[in-house]
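Visitor: quick one: sequence and predicted model below, then my questions.
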Amino acid sequence: MVKSAPAEEETRTRARTRRVILDAAVDVLTENRAAPLSQVAGRAGVARSTLQRYFPERADLVVALEGYANELADEATARARTTEGTALEAFSRLVSEYFGLVKVIMLSMGGEEMPDGLDEEQCGPSDLALYELIERGHEDGTIDPRVTPLWAQQLLWAALYAGWTYTDVAKVPVFEAHNMCLMSLVKAIGREPRA
């Protein structure tokens with residue numbers, strides 16, 4: 001049992017170092033996709049050799065960033081508590097959590113074509129949580145039943161993209177773009193009150 005403690009600490013240290021490198025890569029590569037890996041290592045505060053132990057080639061880092069975007073989306077989904085409150089309240093929390101992922105999501109999506117359709121086997125926990133949330137909203141009456149889970153997902157990502165770029169295009173504070181994004185999404189999927 002004593003022998004496992006150093007191994008466990010090494011694993012936590014490796015995980016922490018990996019995350020620092022990935023965070024640095026998001027910052028550096030968002031600014032300049034062609035930036036050298038030495039710049040990523042410098043931003044992470046690690047030696048180039050350390051970065052290469054984790055990601056031997058640039059392609060390895062790019063693939064890891066895609067997985068990292070999914071990890072962060074899963075963490076954001078958990079923080080949003082998608083099973084608590086009404087579906088519309090949970091959706092609002094989810095939008096707010098996702099809004100902070102602009103850099104990593106945009107970086108991981110850069111240059112990729114959108115899939116032709118939904119492949120349930122490729123859905124991650126975040127996708128499934130969103131689909132369940134929308135279906136729960138249909139049941140509790142807070143989300144318009146005409147809004148399908150897939151449409152809500154597409155609308156969410158489109159609105160997030162619009163919100164993220166709105167800050168640069170309109171030169172508005174992030175909180176203003178967040179509020180516009182949230183208001184637009186809630187109005188788009190929410191059920192109209194009955195008279």
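Guide: Received the coordinates, thanks. This one's a predicted model, so the numbers in the text were calculated from it and none came from an experiment. Numbers count the residues shown, from 1 in each chain.

Visitor: alpha carbons only for contacts and neighbour counts from here, please
Guide: Fine.

Visitor: how is this protein partitioned into domains?
Guide: With domains defined by automatic domain parsing, the chain comprises 1-56, 69-195.

Visitor: Throw those into CSV and include mean neighbour count, distance to Val62 and mean pLDDT, thanks.
Guide: Compiled in CSV, the domains of the chain are given as follows (neighbours: other Cα atoms under 10 Å; distance: least, Cα to Cα, whole Å; pLDDT from 0 to 100):
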stretch, mean neighbour count, distance to Val62, mean pLDDT
domain 1-56, 15, 9, 86
domain 69-195, 16, 8, 85
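
Visitor: figure out which of those is closest to Val63.
Guide: domain 69-195 (8.6 Å; Cα to Cα).

Visitor: give me the most central residue, this protein.
Guide: Ala73 (3.6 Å; Cα atoms, centre = their mean).

Visitor: which non-adjacent residue is nearest that residue?
Guide: Leaving out its chain neighbours, the residue that sits closest to Ala73 by Cα to Cα, 6 or more residues apart in numbering is Ser126, at 6.4 Å.

Visitor: which residues does the stretch of helix or strand that neighbour belongs to contact?
Guide: Assigned by DSSP states H and E, Ser126 belongs to helix 125-140. By Cα atoms under 8 Å, 6 or more residues apart in numbering, the list of residues contacting helix 125-140 from outside reads 73-74, 77, 82-83, 86-88, 90-91, 143-145, 148-150, 152-153.
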